[in-house]
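# Give me the fold of what follows.
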Amino acid sequence: MPIADAVEGYLAHLSRERGYSVNTVRAYRADLASLTDFLAAADVSVADEISLELLRDWLWHQSQRGLSKSTLARRAASARGLSAWLSRNDGHMTDAAARLRAPRGERHLPRVLTGSQIDTILSSLWQRAQAGDPNELRDLAVIEMLYASAMRVSELVGLDIDDVDLSRLTVRVMGKGSKERVVPFGVPAHQALVTYLTQARPALLAAGDGRAARAVFVAPRGGRLGPRSVYELVARLLEQIPGSGPAGPHSLRHTAATHLLDGGADLRAVQEMLGHASLGTTQIYTHVSLDRLKQSYQSAHPRA
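This next block holds a predicted model:
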């Protein structure tokens, strides 16, 4: 099978059968395009000519280009996925990448806001929303929901009206891999959401052509609110907040998860709320909580 055909078949498998998101499939495509180009330069054009030695050479050349360990690890994972899929769908092929390894990616602790910083952000949004501007009311509801539910930004902007249960204070979310889960949100988020839905959303929808009629969050021109708009909103809010690290919506997800664990929430419950397939992914927030505890100890204990 030509390598180009094999890659397209594998990507179609990820999208249709595994339910991977468009962004995830795009990342796999970029990784495998790099591999395809490398193999073409080595005069390898069919899948059954791929060998472990070639794959290791590819990763080595990638490392010489200065790619980070985390990028190398992701590219190795993309190659392993392709190779495993080919071996399952072609009985004559061996899994050439089964023993392919790359340097472990650096693990960076996520940016986490303090409780007072979150209060400052939300207080300013509540004050700005008092004038009743539809966009300000929507922005308040967006930030309250992101922090209250720890949703991903893609999950938030993908919400439809039928996904929200205002009586139970829960929302049905479609996460990665098309996995559905129900997450709770609190009273302040409920108040902000109800005000937005009744006072702001109708006005925003009136500016559009009706195609976003099911969307919970609506953009100024009447379409469904997009991820980029939420990124820009959060970035503006965080640019005046002390601290380093990413300034996107994921910071609110990290913050919500850490605050839950700081408050005594069960790790398994937080895993389910975040929609993590692996408990190990959720455990990074225990490291964040431990670091915060150490910092508090160093600054507060007289014999630290």
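
# Which residue ranges of the stretch 51-200 of the chain form strands?
Along the stretch 51-200 of the chain, counting by DSSP state E, counting those that start in this stretch, strands occupy 164-165, 170-174, 180-184.

# which residues sit against the last one?
The reference is to strand 180-184. Strand 180-184 has contacts (CB atoms under 8 Å, 6 or more residues apart in numbering) with 148-151, 169-175, 272-273, 275. Yep, even glycine has a C-beta here, placed from its N, CA and C like the rest.

# Ok, the second one next?
Strand 170-174 is contacted from outside by 145, 149, 151, 155, 158-159, 163-165, 180-185, 275, using CB under 8 Å, 6+ apart.

# Would you mind writing the CA trace of that strand as PDB?
Listed next in PDB are the C-alpha coordinates belonging to strand 170-174 (Å, rounded to 0.1, in the frame of the first residue of the first chain):
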ATOM      1  CA  THR A 170     -26.000  20.300  35.300                       C
ATOM      2  CA  VAL A 171     -24.800  20.400  31.700                       C
ATOM      3  CA  ARG A 172     -24.400  17.500  29.300                       C
ATOM      4  CA  VAL A 173     -21.000  17.800  27.600                       C
ATOM      5  CA  MET A 174     -19.600  16.000  24.500                       C
END
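
# which parts of that strand are buried?
Judged by neighbour count (16 or more other CB atoms under 10 Å), strand 170-174 contains these buried residues: 171, 173-174.

# Tabulate those in CSV, adding columns for pLDDT.
Output for those, formatted as CSV (pLDDT from 0 to 100):
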residue, pLDDT
171, 94
173, 91
174, 87
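
# Tell me the one of the residues you listed nearest residue 96?
Nearest to residue 96, judged by CB to CB, of these is residue 174 at 35.0 Å.

# Including distance to residue 57, could the strands of the stretch 51-200 of the chain go into JSON lines?
Below are these laid out as JSON lines (distance: least, CB to CB, whole Å):
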{"stretch": "strand 164-165", "distance to residue 57": "52"}
{"stretch": "strand 170-174", "distance to residue 57": "40"}
{"stretch": "strand 180-184", "distance to residue 57": "42"}
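
# Tell me which of those strands lies nearest to residue 71.
Closest to residue 71 of the strands of the stretch 51-200 of the chain, according to CB to CB: strand 170-174, at 28.0 Å.
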